[in-house]
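K.L.:
pasting the sequence and the predicted model now:
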Amino acid sequence: MTHSARSAANRSLRELVYPYTVPDRRRALWQLANTLPPFVALWVLMAATFSPSGGWSLLLLLPVAGLYVRLFIIQHDCGHGSFFPGARLNRAVGAVLGLITLFPFAYWRKTHAIHHGTSGNLDRRGLGDIQTLTVREYRALSAPARLSYRLYRSMPVLLGVGPVYQMLIKHRIPFDLPLAWRREWASALWNDLALVVAAVALCWIFGWKAVLAVQLSLMVVAGAAGVWLFYVQHQFERAYWANDVHWDAQAAAMAGSSFYDLPRVAHWFTGNIGYHHIHHLSSRVPNYRLRECFESDPRLRAAPRLTVRDSLACARLKLWDEDARRMVGFPRRAEAA
């Protein structure tokens with residue numbers, strides 16, 4: 001092996017990813033152009049043709065929901081400062097998109113950054129994550145607390161109630177944030193004010209029934225898709241969890257984040273977020289460069305791979321088993337006692 005070959009082989013994963021952390025303004029603008037105008041046009045079309053009986057406008061729900069998810073991924077990249085080359089443009093576009101996605105930009109950016117710094121760390125679970133208990137922690141709970149956790153981890157709550165709660169309550173009044181986080185509080189409150197103005201204008205144009213029907217259906221479908229994506233990216237059987245003293249950021253990225261191997265069209269609508277281990281290796285890689293980064297070196301393709309069919313089994317996983325070092329379902333009643 002030549003010296004150059006040995007040097008390439010010895011490069012760390014983060015060094016392999018680094019060349020792909022440079023944003024491309026033209027690609028970013030093109031992605032924004034092929035996502036935002038179609039979303040707005042189709043949303044308006046749905047509202048303008050709304051009828052209480054449903055109608056053909058409901059056929060637009062799936063593509064509009066897909067575009068909504070794609071807009072959220074663009075906002076997500078702006079929050080990481082990776083979508084555009086300039087910080088100011090990232091903040092401006094991210095804040096505007098926050099009015100559409102209902103996620104205040106600065107508030108969401110802060111909590112999501114915490115997720116990136118603590119993913120897979122058993123001693124730092126909290127903001128920005130799906131609550132996950134260990135088997136021992138679950139067994140130590142009272143009966144009402146176990147029931148509460150079971151309800152929380154059920155798919156109807158996670159995929160149905162959860163997204164609506166996040167959009168209509170949690171991100172409207174950020175009661176889980178310290179009052180000292182003034183920028184994040186201001187982000188949420190200004191977002192609320194702008195949404196009130198936008199809602200009044202839209203209801204005046206299309207009528208409140210049309211706006212409510214379109215927006216609620218969109219939140220349910222797009223929200224469920226978004227939560228499911230986040231869920232399977234970290235809640236698979238051999239996911240990585242470790243206590244703080246043993247926690248390693250690179251291991252958490254490569255072993256604790258899945259490669260969700262979706263069909264090409266699904267990767268487009270989800271902004272390539274299925275290449276999630278690459279994103280956790282470096283959140284500075286823009287979504288439009290994740291795939292080329294993934295394909296650049298075999299070591300970057302070594303993350304746990306999930307197909308759509310594989311991912312369905314993740315729905316039964318509820319707890320981290322410290323002894324078996326894997327995610328498991330709820331114990332049987334006799335075992336839980």
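P.N.:
Great, that's in hand.
K.L.:
if I pick the closest residue to Leu179 other than its chain neighbours, what's in contact with it?
P.N.:
Nearest non-adjacent residue to Leu179, counting by CB to CB, 6 or more residues apart in numbering: Trp185, 7.0 Å away. Using the backbone N, CA and C atoms, a C-beta is placed for each residue, glycine as well. By CB atoms under 8 Å, 6 or more residues apart in numbering, the residues touching Trp185 are 107, 174, 177, 179.
K.L.:
by neighbour count, which of the residues you listed wins?
P.N.:
Compared across the contacts of Trp185, Tyr107 has the highest neighbour count, 23 neighbours, by other CB atoms under 10 Å.
K.L.:
pretty sure that residue sits in a helix.
P.N.:
Yes - Tyr107 forms part of a helix when assessed by DSSP: H, G, I helix; E, B strand; the rest coil.
K.L.:
thought it was touching Leu177?
P.N.:
Yes - taking contacts as CB atoms under 8 Å, Tyr107 lies within contact range of Leu177: 7.1 Å.
K.L.:
now for the two: what residues contact both?
P.N.:
With CB under 8 Å, 6+ apart, Tyr107 and Leu177 have common neighbours 184-185.
K.L.:
now render the contacts of Trp185 as a markdown table, adding secondary structure, pLDDT and distance to Phe72.
P.N.:
Output for the contacts of Trp185, formatted as a markdown table (DSSP: H, G, I helix; E, B strand; the rest coil; pLDDT from 0 to 100; distance: CB to CB, whole Å):
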| residue | secondary structure | pLDDT | distance to Phe72 |
| --- | --- | --- | --- |
| Tyr107 | helix | 91 | 14 |
| Pro174 | coil | 84 | 18 |
| Leu177 | coil | 82 | 20 |
| Leu179 | coil | 84 | 27 |
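K.L.:
pLDDT value on the spatially most central residue of the chain, please?
P.N.:
The centre of the chain sits closest to Phe230, judged by CA atoms, centre = their mean, with a distance of 4.6 Å. Confidence at Phe230, expressed as pLDDT, is 93.
K.L.:
could you measure from it over to Leu45?
P.N.:
29 Å (CB to CB, to the nearest Å).
K.L.:
try Pro156
P.N.:
30 Å.
K.L.:
what number of residues lie near the closest residue to Ser119 other than its chain neighbours?
P.N.:
The shortest distance from Ser119 to any non-neighbouring residue, by CB to CB, 6+ apart, is to Ala252 (5.3 Å). Residues near Ala252, counting by other CB under 10 Å, number 24.
K.L.:
test my guess that Ala252 contacts Leu281.
P.N.:
No - using CB under 8 Å, Ala252 is not in contact with Leu281, being 9.8 Å away.
K.L.:
okay, Ala224 and Tyr107: tell me how far apart.
P.N.:
Ala224 sits at a distance of 22 Å from Tyr107 (criterion: CB to CB).
K.L.:
likewise for Phe72?
P.N.:
Using CB to CB, one gets 14 Å for the distance from Phe72 to Tyr107.
K.L.:
then the residue nearest to the centre of the chain would be within a helix, right?
P.N.:
Yes - counting by three-state DSSP, Phe230 is located in a helix.
K.L.:
how about the helices in the stretch 1-150 of the chain?
P.N.:
Per DSSP state H, counting those that start in this stretch, the stretch 1-150 of the chain carries helices over the ranges 3-9, 13-17, 25-33, 36-48, 61-79, 87-101, 105-118, 135-139, 143-153.
K.L.:
pick the most deeply packed of these.
P.N.:
Among the helices of the stretch 1-150 of the chain, helix 61-79 has the highest mean neighbour count (mean count of other CB atoms under 10 Å), at a mean of 22.
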